[in-house]
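S.K.: Predicted structure and sequence below. I'll ask about it afterward.
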Amino acid sequence: MSLATPLALRRPQRKLYTAAKAEPARRFHQLYDKMYREDILVHAYSSVRAAKGARTPGVDGETFADIEEQGTMKWLAGLLKELRNKTYRPQPVRRVMIPKKGGGQRPLGIPTIRDRVAQTAAKLVLEPIFEADF
């Protein structure tokens, strides 16, 4: 399931897309600060939550229920602070083996919710730039 991107996020995405389309050789600087905007992190969290990914938690053991119990905005504020201070470090990916249809098993990596939210925030910022090339 995909959530509709709020208008407040579509505007800066459209600006990035338009700039990338107008000048294909342009280099974008200072995109990192857009990743930790509160509205981007809130939408990233909502997108990860709606995706209903891994049913088992990552290596940190944290679930959506745990996050919502402590307060989603408080949790996001902690992630925002780590991103802003450049102290954020991704956690190792949890490895599980899942069965294949023809027999045997294959490895599957399960990142933490915190890492999936950070990755989605980066995607929200970078995607319009790369989309202009395609």
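M.R.: It's in. Owing to the predicted nature of the structure, the values given are computational and were not obtained by experimental measurement. Numbers count the residues shown, from 1 in each chain.
S.K.: Can you check the pLDDT for the spatially most central residue of the chain?
M.R.: Centroid-nearest residue in the chain, with C-alpha atoms, centre = their mean: Thr120, separated by 1.7 Å. Confidence at Thr120, expressed as pLDDT, is 95.
S.K.: which residues make contact with the helix or strand where it lies from outside it?
M.R.: Counting by DSSP states H and E, the secondary-structure element that holds Thr120 is helix 113-133. With contact meaning C-beta atoms under 8 Å, 6 or more residues apart in numbering, helix 113-133 is reached by 5, 9, 13-14, 16-18, 20-21, 24, 28, 31, 34-36, 40-41, 43-45, 47-48, 53, 57-58, 60, 62-64, 67, 76, 79, 83, 88, 90-91, 111. Using the backbone N, CA and C atoms, a C-beta is placed for each residue, glycine as well.
S.K.: Please tell me how far it is from the chain's geometric centre.
M.R.: For helix 113-133, the distance from its own C-alpha centre to the chain's C-alpha centre is 6 Å (C-alpha atoms, centre = their mean, to the nearest Å).
S.K.: Would you mark the buried spots in that helix?
M.R.: Along helix 113-133, the positions that meet the burial threshold by neighbour count (16 or more other C-beta atoms under 10 Å) are 113-118, 120-122, 124-125, 128-129, 132.
S.K.: Tell me how many other residues crowd Arg11.
M.R.: The criterion is other C-beta atoms under 10 Å. On that basis, Arg11 has 10 neighbouring residues.
S.K.: Ile67 now?
M.R.: Using other C-beta under 10 Å as the criterion, the residues surrounding Ile67 number 18.
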